[in-house]
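K.L.:
No sequence on hand, only this structure:
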């Protein structure tokens, strides 16, 4: 049996993967998870074409807020 799963953003997928599936506890330290979520947000913004990285600097290409509320924040 299959079902249509909602499309999740990278930060949401990371949060799900970082927690034990039955116990619900974190599988890593919260500081590491914070850095991972921040990186996942940047990756999602880059994949959606809102930012680009050039020479180690991040530049905003599309200043309009993304549709995803998590990324817009």
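P.N.:
Received, thanks. Bear in mind the structure is a predicted one, so any value in this text is a computation, not a measurement.

K.L.:
contacts and neighbour counts: CA atoms only from here.
P.N.:
Noted.

K.L.:
which SS class is the residue nearest the centre of the chain?
P.N.:
Among the residues of the chain, the one closest to the centroid is residue 11, at 2.4 Å (Cα atoms, centre = their mean). Following DSSP: H, G, I helix; E, B strand; the rest coil, residue 11 is assigned to helix.

K.L.:
doesn't residue 41 make contact with it?
P.N.:
Yes. Residue 11 lies in contact with residue 41 (Cα atoms under 8 Å); the separation is 5.9 Å.

K.L.:
circling back to that earlier point, which pLDDT value belongs to the residue nearest to the centre of the chain?
P.N.:
We have a pLDDT of 91 for residue 11.

K.L.:
who touches it in this structure?
P.N.:
By Cα atoms under 8 Å, 6 or more residues apart in numbering, residue 11 lies in contact with 36, 37, 38, 40, 41.

K.L.:
Spit out the contact partners of the last one.
P.N.:
By that I understand residue 41. Applying Cα under 8 Å, 6+ apart, the residues near residue 41 are 10, 11, 71.
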